[in-house]
Every structure is written in structure tokens, then in C-alpha cells.
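S.K.: My questions concern the predicted model and sequence given below.
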Amino acid sequence: MVKIGDKVRYLNAVGGGVISKIQKNLVYVLESDGFETPVLANEVVVVNTVNQYNFPTEDKTIPEQVIENEPVQETPVYEFDESEETKEGEALSVYLALVPDDLKQMQTTKTECYLVNSSNYYLSFNFFRGEDELELKENGVVEPQTKLWLETVEKEDVNAFTSIRFQAIAYKKNKSFTVKPVIDTVLTIDPTKFYKLHSFTENDYFDKKAWLLPIIENDGVAEDYRIVEAELKSALAQKERVEPKKRFPAKVNKNTVIEVDLHINQLVDSTVGMSNFDMLQVQLGKFNEVMRANLKKRGQKIVFIHGKGEGVLRKEIEKVLKTSYRTCYFQDASFQQYGFGATQVTIR
């Protein structure tokens, strides 16, 4: 068990430092350059421990040296220094980073989820999971030019990790700053990408490959909120004068059919290590993703190609259609075109 003040080195990277704080199964390592790095507790090894009174313990392998009247040094606590600010950091760039523990075991490995703040601003944030009903997973403050561990996504939780809501307020301490819009955005995540190697790339924030999902990039989200006051007043005045028009569902070309191949080899790079249940969950995840994206397109026809096989996937699709998409009509797709291995759904 590591403690604050322990001197540690990294198991999977070069370097180390002194543990400055501990949060759940995450430790913060203060390095010699003053940068505080969060890492998992099981990814560091103690090279110099402290006792319950925060004094270094004796190292039995080194002859003991007695130094009289040596002052006790307090463990430094990392604070962001304004000298670390960058020109690019004046624009908000914030990312959700997904870092697999072992890319060679994509079908079984767990994934660490981080918040990356690549700006000169502190962020007071809320991190939710869910769509209609939200679950608060983490909230707090992330310092400028640093990253913060949020949670571990286990393999069995991947298919539930599809919708993220992130809220934040950006500010600086003890100085004036340019006000940034409040961040309130939803990220939709395709769970099948957890199984694809090309989703994870080299980056500036981790020694490992990571999947970076932009929450806001170079103040990009701010564009949605910048409305000139005169334009707003004009729009409101025009709204009062013009009679509201009736809204009709968008017309869909009934001859346009969307084809979705649910064969597992079309959805993941490799099935090594995946059980039949794992593969079925990936296929159903893709089915639900396509259905949700087209629910408002009345008349749209979608053909899901699942193959004949033992009929397990087909039965599961029909079960979901009968419970979650009751207004939609479904039938066997054209035998001449798809054989017995496809189901056609019509949005109604």
C-alpha cells in the first residue's frame, strides 16, 4: 500500500517522483520538473517509503548515515504556475481520452477513461453517463495543462458506454481572463470502436495509444453560442410578425434502402478472445445505433443482414423490435437479393 510522500518509479514508463496525493485507486506523482502526473496505483513501485509519521523509513541495503539537526522537508504539493501557460492554451481544448490497458488483448482488456485539459483554464466539471436518465460518475476541478482519471470501463460495460454528457465552467485564479461559454455537450460513442485498433492513435498526452474524443477544441463549441444581439432582436421581431408554419416529417425516398451488415467480421477487426455473448452484444449495439439514428425518418426502409446461421441474432433483433420499436414494421427481406439471412424494417 503506497502512501503520500513515498518515492516511486513507473513500471511501464521511464521516470518517477514523489506521491503528492491519493484518490481512489489513482495516485498523483510529483516529478522533478514540477509536473503532477496521475497514474494507477498498480503501475508504480515504491523505492523509498515513509512511516506513519511521514518520515522516510530506513533502507536496509544502504549503510545508515546519521545527520544531526537535518530539517524535515515537507512533501511539495503541485500548483499550476502561470509561466506554464501557452499561447494555444488561451483557446479551450478539452478531450475525453480512452486508454486501453493492453492493445494486444482488445477483446478482453479494460479501458481507462481520462479528462484531458489542454488549456490555461481551470475547469469545474460534471461528468455523466446515460441518455434520458443521467448518472453522475465524477465531478470536481481539473487544473490547466493536465489530465485527470475519471473511471475504468470494464469489458462488460463497453456496450453501456454510448452516451456521455459533460458540463463545465472555465476560469482562471487570481487574474483577469477572457470569459468562455459554459460547456454542456453530449458525446455519442460507437461501442464497436472499442474493438478496432485504428480507433486508438499516438498522441501528445499519453505514452500509450489513446482514443481522443473532442469535447471542445480551439473554442469550437463557442461558435454555437455566439449570436449578435441585433440579429437576435431581429429574429424575435420577425417571429412575432410571421405566422408559424406547420411542420411536417421529412419526406423519405421510399426507393432508398439502407443496408447494414451485422456480420461480426464487418464490425470488429478481430474476434480473438470474444465469446458468443460478446459478439452478440456488439451486433445488437450496432442494430440499436442505426435504429436510433433513423427513428424520425418515416417510411425509411432498413435491411439488417444477419445471415442464416442458427438464428440467434435474428431472434434477438425481433425481440428488440417488439419491445423497443413497437411502431416499426418488420419482415423478411427479399429472398432473391438476401436469401434467408436478412430482416427488413420500415420506420413508421
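M.R.: Here it is on my side, so go on. Numbering: from 1, shown residues only.
S.K.: contacts, neighbours, all on C-alpha from now
M.R.: Will do.
S.K.: which residues touch stretch 34-41?
M.R.: 2, 25-31, 78, 146-149 (C-alpha atoms under 8 Å, 6 or more residues apart in numbering).
S.K.: By neighbours, which of those wins?
M.R.: Val29 (28 neighbours; other C-alpha atoms under 10 Å).
S.K.: excluding its backbone neighbours, what's nearest that one?
M.R.: In space, and not counting its chain neighbours, Val29 is closest to Ile19: 4.5 Å by C-alpha to C-alpha, 6 or more residues apart in numbering.
S.K.: ok now do the one you found, which residues does it touch?
M.R.: Contacts for Ile19 (C-alpha under 8 Å, 6+ apart) come out as 3-8, 27-30.
S.K.: one step back: would you format the contacts of stretch 34-41 as TSV with pLDDT included?
M.R.: TSV is the format used below for those (pLDDT from 0 to 100):
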residue	pLDDT
Val2	78
Asn25	79
Leu26	83
Val27	85
Tyr28	85
Val29	86
Leu30	86
Glu31	82
Tyr78	49
Thr146	89
Lys147	89
Leu148	91
Trp149	91
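S.K.: so of the residues you listed, which ones are in helices?
M.R.: Using DSSP state H, no member of these falls within helices.
S.K.: if we can go back for a sec, in TSV, list the contacts of Ile19 along with distance to Asp219.
M.R.: Shown next, in TSV, are the contacts of Ile19 (distance: C-alpha to C-alpha, whole Å):
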residue	distance to Asp219
Lys3	39
Ile4	37
Gly5	38
Asp6	39
Lys7	39
Val8	37
Val27	31
Tyr28	28
Val29	30
Leu30	30
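S.K.: so what are the domain limits for the chain?
M.R.: With domains defined by automatic domain parsing, the chain comprises 1-78, 85-225, 257-346.
S.K.: By mean pLDDT, show me the worst of those.
M.R.: Per-segment mean pLDDT for those reaches its minimum on domain 1-78, at a mean of 68.
S.K.: Beta-bridge partners for the residue sitting nearest the centre point of the chain, please?
M.R.: By C-alpha atoms, centre = their mean, the mean C-alpha position of the chain lies nearest to Leu96, the distance being 4.4 Å. Residues in a beta bridge with Leu96, per DSSP bridges, are Leu115, Leu213.
S.K.: and it, what is it in contact with?
M.R.: For Leu96, the contacting residues are 113-116, 212-215, by C-alpha under 8 Å, 6+ apart.
S.K.: any idea how far it is from Ala13?
M.R.: Distance, Leu96 to Ala13, by C-alpha to C-alpha, to the nearest Å: 22 Å.
S.K.: which helix is the longest one in the chain?
M.R.: helix 276-294.
S.K.: hang on, the earlier thing: could you point out which of the contacts of Leu96 is nearest to Gly341?
M.R.: Taking C-alpha to C-alpha as the measure, Gly341 sits nearest to Leu213 out of the contacts of Leu96, at 35.3 Å.
S.K.: can I assume Thr108 sits in a strand?
M.R.: No. Checked against DSSP: H, G, I helix; E, B strand; the rest coil, Thr108 lies outside a strand; its state is coil.
S.K.: count of residues packed around the residue lying closest to it once chain neighbours are set aside?
M.R.: The shortest distance from Thr108 to any non-neighbouring residue, by C-alpha to C-alpha, 6+ apart, is to Lys155 (6.0 Å). Other residues lying near Lys155 total 15 when counted by other C-alpha under 10 Å.
S.K.: can I assume Lys155 is in contact with Lys110?
M.R.: Yes. The pair Lys155 and Lys110 qualifies as a contact (C-alpha atoms under 8 Å) at a distance of 5.5 Å.
S.K.: Now the residue nearest to Val29. Its backbone dihedrals?
M.R.: Dihedral pair for Ile19: phi -70, psi 120, per degrees, to the nearest 10.
S.K.: ok, so what distance separates it from Leu134?
M.R.: In this view, Ile19 and Leu134 are 34 Å apart by C-alpha to C-alpha.
S.K.: And for Leu11?
M.R.: The gap separating Leu11 from Leu134 is 36 Å, by C-alpha to C-alpha.
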